[in-house]
Structures are given as structure tokens and as C-alpha cells.
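>>> Need coordinates for the below:
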Amino acid sequence: MKDGVNGVALGVFVFFFLAVTVMGFLAARWRRPDNEHSLDEWGLGGRSFGTWVTWFLLGGDLYTAYTFVAVPAAIYAAGAAGFFAVPYTILVYPLIFTFLPRLWSVSHRHGYVTTSDFVRGRFGSKGLSLAVALTGILATMPYIALQLVGIQAVLDVMGVGGGENTNWFVKDLPLLIAFGVLAAYTYSSGLRAPALIAFVKDTLIYLVIAVAIIYIPIKLGGFDDVFAKAGAKYAEAKAGALVPAPAGQWTYATLALGSALALFMYPHSITATLSSRSREVIRRNTTILPLYSLMLGLLALLGFMAIAAGVKVTNGQLAIPQLFEDMFPDWFAGVAFAAIGIGALVPAAIMSIAAANLFTRNIYKDFIKPDATAKEETRVSKIVSLLVKVGALVFVLTMDKTVAINFQLLGGIWILQTFPALVGGLFTRWFHRWALLAGWAVGMVYGTVAAYGIASPTQAHFGGSAKEIPGIGEIGYIGLTAFVLNVAVSVVLTFALKAVKAPEGVDETKPEDYTADAGDPGVQVELPPATAGASH
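Numbering: from 1, shown residues only. Below you'll find the model as predicted:
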């Protein structure tokens, strides 16, 4: 590890950071509508984004700075088991091809901004809608915190902020500045800011990975030497392997499947989806987004390279930034650090907007002020987006980084429990609203209690997301087990509640709503004049 501040890398990092900051504020002028005071405009970009803007936005949303840091870090620490992220992102796209276009259509027909809006409209249940909203907010908070962890990892490797004995304010000042800038342009420009910045973020990430996958192996003697050194290291440490061990295959498979089911349950994934201008944009994106999975596979190989390069870090999250610091010229290390830093800003902005929209539409308007105007909704959402980011910042600054990581794993278990209500509701009205609520509660309780009992070297509780599957005896993903219980309870109680003719809520949707496109008759949400003719 180099001593002191890497001035050249820091200079390049600051240049790109300032550039995207300017873009973030200028985004408020991009496709400016006649009426900016609505969640459609601030929180969904006017529902006007075309194929490429949506592709970059979704890519920037799903493949975050934490992905950049954590996936190869998992390979570095645990070997091939960390590759589970690659098959799960491959599984997810055929899955979302089946239901995202339906969600887009019904949301445009009825003006839904959040998944909870849809659940309330489909099942006529504010209680079920509230459960989905609270789950989304709780699962998103640690995810935002992890983006800040990604920025902090880069700053640590560049030597910014001083050592452990430095005054806390001086040490955390760079992160506070990054947070302040993120909060300011998100408040000003809404979803348009991350949509515009995503172009820079993804271009930098593709550039860095393309260079790294060629340049670093050449410096290390080729891929044969990289794999040989990694294999020898795993054998010596008796931890990890170049291929998953048979004992871990259930864990690997269930984690990949559960993660695939959960990814598009997150509010930020849906927010980026609903910002699209048409149903066809969504369908096209589900076919081209797998390009990011190719990038992810190459990115994961960096974990083996870090081992072969002899990178030594006490915190695994620093392994890849340190690899870049050691292997690249200072100026290109700055480009790589900028890719990670900007890769944190884009998803953090979208996540805070998504969480704020959930609070505004499904808590504030449904339960606190039902007569809130569109302008008031937008104002509340802007304020809540700031509070969400403050909460994530406090989380990062006051807790150990492994706590943030493990709570994000818990968030994945939680968010998967909204799948039956959301995806089930997109295809059938058979489920009873009370049965879905009970199933959600059972899944949440089981998942939380099971995760609470998992210890790690740094935590007595919530130390992981895998545990023995009841009745099978294999170690599997807790979230998937909780999901199976959730579905079982929902099905059994639906039969029981229908048998006793328990009252069902009013479904405000119609079958044709699920295949409607933007230009079809009856669509209630029209593009504003300022954006309707814009090129995409």
C-alpha cells in the first residue's frame, strides 16, 4: 500500500466528480416540463425515457459501486462461491420479461408511481400496500449505506482523510462533501440527475474493466498464473476454492435463485422501470441488459487477480481499490476510482428517490394527508429523500462496515417477501388480500428470526443469510425459505378465506390495463408538452 495521498489519482477523481456534479444540477434543465411539481416529473423523470436512457439508468441502478467492490471482494475472500452474482443476474432477465411490461402498462394506465400504489389498487387494501411500502423503505436504507461504503473504500485507498487517529470530522469530511453534493442535485433535479450521470458512470466502468481484464493479467504473467496463484492461496488458507465445493452447492443455487427473484422487488429497480416512455422500451431493455452480466463476470475475475497480485488488506472491501492502486499508473487509478465513486452516486440517488416516493404516496398521502396536492407530494418527497440519505450516512459513520453489509443481506430477505403480492397480483386476482398480508408477515418473521441466529467473526447476530433448510437438511438461502413459507401461507389462507366468504377489496384495474401502451386509448398519464416530442 502506498503511503500518503495519491495526488494524481485524487486529482483525476476530483475532476470526474466535479464534472458529474455539474451534470447533476444541469439535469434539472434536461427535458424540462411545463409543470415540475409532480412525482411523475421529479420522481419518474416525466415517464419519458427511451431505450438507451433507460438502459443506462437501469444499469447504473442495478450494478452499483458496491457491486464493483463487493463481488470481486467475495471472490478474493471466499473463491468461486462469490460468483453467485453472475448466474442470478442471468436468471433475472427472462423473469422480468414476463412481468415488468405488465407492471409498466397498469402503472401508466392508473398513474401508479410505486409498487405499493399497484398493490393498493389491485387488492383494495391499504394495509397490504403499507406493508409493501415499509418493507421497501427498510430494505433500501442499508443499500444506500453500502453505496457510501463504496465511496469510503476509494477514499481510504487514495489516502484521503488521514489515518485512524485523525479527528473524526477531518477523516469523514470527504464523504460528507460527497453526500452533500449528492443530496443537493437529487433534491434539485430528481430522477433526471442520475439518468444523465449514468452515461458517464457506465462508460467509465466499461472502460476500466476492459483495461483491467487485459492489462493486469499481462503484468501478472497471464491468466494461467493468476488462477494457479489463487488456487494455491485458497489451498494454503483452507478457505475458498476455484470451483464451488459440493457442500456449498445448495447455498450457491438458492442464493442465486432468491436474489434473482428479489432484485426487481427493490423500489429503485421499479422507479427506473416506470420512468420509461413505453412498454416496448421495457421489453427491449430486458433483452439488452444481460450485457451487464458479461461485464459482471469479468469484474468478478478481479478477485483472483487481487490474490495473484499479493494484495493484503484487513478489510476485504478495499481489495479491488487497492489492486487498482498497485497495478495501474496513478492517472488511470484515478479513472478507476472515479468509476467506483460515480457508481455510488447514481444508485444512491435513485434509491433515495424511490424510498421517498413510497413514503409520500403510501404513508403520507394514504394515512396522514389524503388531500395532499401534487405540489405538496413533490415537496414532501424531496424532503424525505434528504432524510433517507442522512439516515444512510449516519449508519455508515456510526457502525462497522460489516454491519451495513449484513443488514443489506437482511434487506434482501425482507424485500423478497413482497414478491407474491406484486408479481402474483400482476397475473391473478385469486389471492385474498388478508392471506397475502399474513404470508408476508410469516415470511418477514421467519426470515428475521433465522438471520438473527446467524453469527459471524465480527457479529453475534445477523452475520449471514444462509441456514439449514427445514425438512431438507441442506444449507440454503434464508430469504428463499421464508418466501416458500410466505407463498404456502398465502395459498392456504386464500382457500380458507374464500370458503368463509371473507370480504375482498375492490380491484380498480381491468384486464386490458396490463397490456396497454402509452398511446392506447384510456391511458390516464400523458407526457407533458415539453417532453412529448423530445428525441430519445
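
>>> From here on, just use CA atoms for contacts and neighbour counts.
OK.

>>> Which element, helix or strand, includes residue 269?
helix 267-274 (DSSP states H and E).

>>> following that helix, which helix or strand comes up?
helix 279-288.

>>> quick one: the helices in the stretch 1-150 of the chain?
Ranges of helices within the stretch 1-150 of the chain are 7-26, 39-42, 51-62, 65-78, 85-110, 115-123, 126-158, based on DSSP state H, counting those that start in this stretch.

>>> Look up how far residue 153 lies from residue 160.
10 Å (C-alpha to C-alpha, to the nearest Å).

>>> And for residue 120?
40 Å.

>>> How about residue 246?
For residue 246, the distance to residue 153 - C-alpha to C-alpha - is 33 Å.

>>> more crowded one of those two?
residue 153 (24 against 9; other C-alpha atoms under 10 Å).

>>> Pull the contacting residues for the more buried one.
Neighbouring residues of residue 153 by C-alpha atoms under 8 Å, 6 or more residues apart in numbering: 317, 318, 321.

>>> just to revisit the earlier point, now tabulate the helices of the stretch 1-150 of the chain in TSV and tack on mean pLDDT and distance to residue 219.
Output for the helices of the stretch 1-150 of the chain, formatted as TSV (pLDDT from 0 to 100; distance: least, C-alpha to C-alpha, whole Å):
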stretch	mean pLDDT	distance to residue 219
helix 7-26	88	20
helix 39-42	86	47
helix 51-62	86	30
helix 65-78	83	18
helix 85-110	92	26
helix 115-123	96	48
helix 126-158	89	21
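
>>> nearest to residue 311, of the ones you listed?
Closest approach to residue 311 among the helices of the stretch 1-150 of the chain (C-alpha to C-alpha): helix 65-78, 9.5 Å.

>>> Need the residues that contact stretch 283-302.
51, 54-55, 59, 63, 68, 71-72, 75, 82-83, 85-86, 89-90, 93-94, 96-97, 101, 206, 209, 212-213, 320.

>>> buried subset of these?
51, 54-55, 59, 63, 68, 71-72, 75, 82-83, 85-86, 89-90, 93, 96-97, 101, 209, 212-213, 320 (16 or more other C-alpha atoms under 10 Å).

>>> if we can go back for a sec, return the list of helices and strands in contact with the helix holding residue 269.
For helix 267-274, the elements it packs on are helix 51-62, helix 85-110, helix 126-158, helix 330-359, judged by 3 or more C-alpha pairs under 8 Å, 6 or more residues apart in numbering; DSSP states H and E.

>>> Could you pull out the buried residues of that helix?
267, 268, 269, 270, 271, 272, 273, 274.

>>> and what of stretch 11-29?
Within stretch 11-29, the residues scored as buried using 16+ other C-alpha under 10 Å are 12-14, 16-17, 20-21, 23-28.

>>> How about residues contacting that stretch?
Stretch 11-29 has contacts (C-alpha under 8 Å, 6+ apart) with 181-182, 185-186, 188-190, 192-194, 196-197, 200, 331, 334-335, 337-338, 341-342.

>>> Mind checking the pLDDT average for the helix holding residue 269?
Averaged over helix 267-274, pLDDT sits at 93.

>>> by how many degrees do that helix and helix 126-158 diverge?
Per axes from the mean of the first three to the mean of the last three C-alpha atoms, to 10 degrees, the angle that helix 267-274 makes with helix 126-158 is 100 degrees.

>>> List the residues that contact residue 440.
417, 418, 486.

>>> Now with 10 Å, please.
Under the criterion of C-alpha atoms under 10 Å, 6 or more residues apart in numbering, the contact list for residue 440 reads 128, 131-132, 135, 414-421, 434, 482-483, 485-487, 489-490.

>>> Kindly report the same for residue 255.
84-85, 87-88, 249, 261, 465-466, 476-480.

>>> Show me just the buried residues among those residues.
Going by neighbour count (16+ other C-alpha under 10 Å), the contacts of residue 255 have 84, 85, 87, 88, 261, 465, 466, 476, 477, 478, 479, 480 buried.

>>> now, which of these sits nearest residue 230?
Set against residue 230, the nearest of these by C-alpha to C-alpha is residue 84 (18.1 Å).

>>> Spell out which residues sit in contact with the closest one, please.
71, 74, 75, 244, 251, 252, 253, 254, 255, 256, 257, 259.

>>> As CSV, those residues with secondary structure would be great.
Shown next, in CSV, are the contacts of residue 84 (DSSP: H, G, I helix; E, B strand; the rest coil):
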residue, secondary structure
71, helix
74, helix
75, helix
244, coil
251, helix
252, helix
253, helix
254, helix
255, helix
256, helix
257, helix
259, helix
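
>>> Between those, which sits nearest residue 38?
Ranked by distance to residue 38 (C-alpha to C-alpha), these are led by residue 259 at 32.8 Å.

>>> ok, the closest residue to residue 407 other than its chain neighbours to residue 359 distance?
Spatially, and ignoring its direct neighbours in sequence, residue 407 is nearest to residue 142 (6.1 Å; C-alpha to C-alpha, 6 or more residues apart in numbering). Counting by C-alpha to C-alpha, the gap from residue 142 to residue 359 is 16 Å.

>>> do the same with residue 257
Taking C-alpha to C-alpha, one finds residue 257 at 29 Å from residue 359.

>>> between these two, who's got more neighbours?
Taking neighbours as other C-alpha under 10 Å, residue 257 and residue 359 compare with residue 359 leading, 25 against 21.

>>> wait, residue 202 sits on residue 57?
Yes: the pair residue 202 / residue 57 is scored as a contact, 9.2 Å apart, by C-alpha atoms under 10 Å.

>>> Let me see the contact set for residue 317.
Residue 317 neighbours (C-alpha under 10 Å, 6+ apart): 66, 68-74, 76-77, 149-150, 152-154, 401-402.
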